[in-house]
Every structure is written in structure tokens, then in C-alpha cells.
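# pasted the sequence and its predicted model underneath.
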Amino acid sequence: MTRQKSLTDGIALFVAAVALGGILSLTGCCCGGYHIGTQGLYNRDIRTVFVPMVEADTYRHGIGERLTEAICKKVTKQTPYTLAGPEQADSRLIVRLTAENQTVSGLDRYNETRQKTLSWSVSAIWIDRDRAKMAELKSTPLTSLGIDIASQEYLVAETGQSFATASEEMIDKIAERVVGMMEMPW
């Protein structure tokens, strides 16, 4: 009888120790500055973001609208922030397409174009309600907006790619990098 009682007491003590360890580890993660999941990547003081229409310094129609849509989708999908109007938002994400270039990067033996390179440059800045810059990195002194992002995409018509598909891939890459700048530095 005493042997069975000590075995039962041992199991109860083990279960209590495991439960106590689990509780302590959870409170340590939440209260000790550690965060579970991707929530620790983003500023907790910001809850909403306003993304105005991307201004495009190019002649190509509709790129600003498509880039704005892609950025808004990435913000809602990848961050804990929600989109809001200019009066309600805690912060603003301002993006400007500063340059668009298309060059021939490959010719065949008849001097016909086999491959083109699309190059876009974007300036972006993320500011809070008090207009303090939250994300800033100037790669050239010519820009006044903040982070400069340059991206390239190759257009190969022989593989069925068109300007529309190449620009869609470019928009996705740029939107990914713009939203990536919203993460807090390590």
C-alpha cells in the first residue's frame, strides 16, 4: 500500500512540475520581452497604416494604382497592422515610383531582341502620426523620401513572358520590400 501511495505521489509531483514549468515558460515569454510568432517583428505602438496612392514619375499608365494595391494587400496579409483613412491612421506609408527603365540585355544572331531588363526605382518612407520617420535609409542624397528600392526583372518574350507579366512580378517584388521595411530592426 505504501509503495503504491509513493508511486501515485511521484506521478502527481511530476504532473505538477510539468504544469508549473509550462506556466512559467509562458509567462516568461510574454512578460520577459519575448514574443511568440511574427508579432515581435513589428512596432506595437502602431495599429493602423494609411497608404496613399503611389505617385509615379513615369509615363506608363496605371503602375501607381497597381503598386498601391499590391502594397495594401501585403500590409494586411503580412503585418499585424490594419489599413485606415488619413485621419484615423497611426502612421503613413508614402511610396513614390521615381524611375522606370527598359533596356535590351540580349540579342540573337540577327540582332533581334531576345531579352529585356526592366529596372524600377522606388522611394519610400514610413512616418508616424507626429511625422517622425520610423523607417529611413538614404542610399543617395538626391532623394528626400527615405528608403530607396531598386528592382530588376528580365523579360524574355520567347518563353511567353510579356511586359504585363514582368511588371506584375516587379510590382510584387517592390511591394514585398516596401512592407519588409516596416519590420523593427533586430
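Thanks, I have the structure now. Because the structure is a prediction, the values reported are computed rather than measured.
# quick one, helices of this protein?
With DSSP state H as the criterion, the chain has helices at 2-31, 63-78, 163-180.
# where among those is average confidence lowest?
When the helices of the chain are compared by mean pLDDT, helix 2-31 comes last with a mean of 62.
# now residue 120, which residues is it bridged with?
Taking DSSP bridges, one finds residue 100, residue 151 as the beta-bridge partners of residue 120.
# looking at it now. What's its pLDDT?
87.
# got a list of what it touches?
97, 99-101, 150-151, 170, 174 (CB atoms under 8 Å, 6 or more residues apart in numbering). C-beta here means a position set from N, CA and C on the backbone, and glycine is covered the same way.
# now do residue 168
Shown in contact with residue 168 (CB under 8 Å, 6+ apart): residue 66.
# state the distance from it to residue 42.
27 Å (CB to CB, to the nearest Å).
# same check, this time on residue 90
According to CB to CB, residue 90 and residue 42 sit 12 Å apart.
# most surrounded residue in the contacts of residue 120?
residue 174 (25 neighbours; other CB atoms under 10 Å).
# can you list the domains in this structure?
By the assignment in automatic domain parsing, the chain contains the domains 1-34, 43-180.
# just say which of those is most tucked in.
Mean neighbour count (mean count of other CB atoms under 10 Å) peaks for domain 43-180 among the domains of the chain, with a mean of 16.
# sounds good, over and out.
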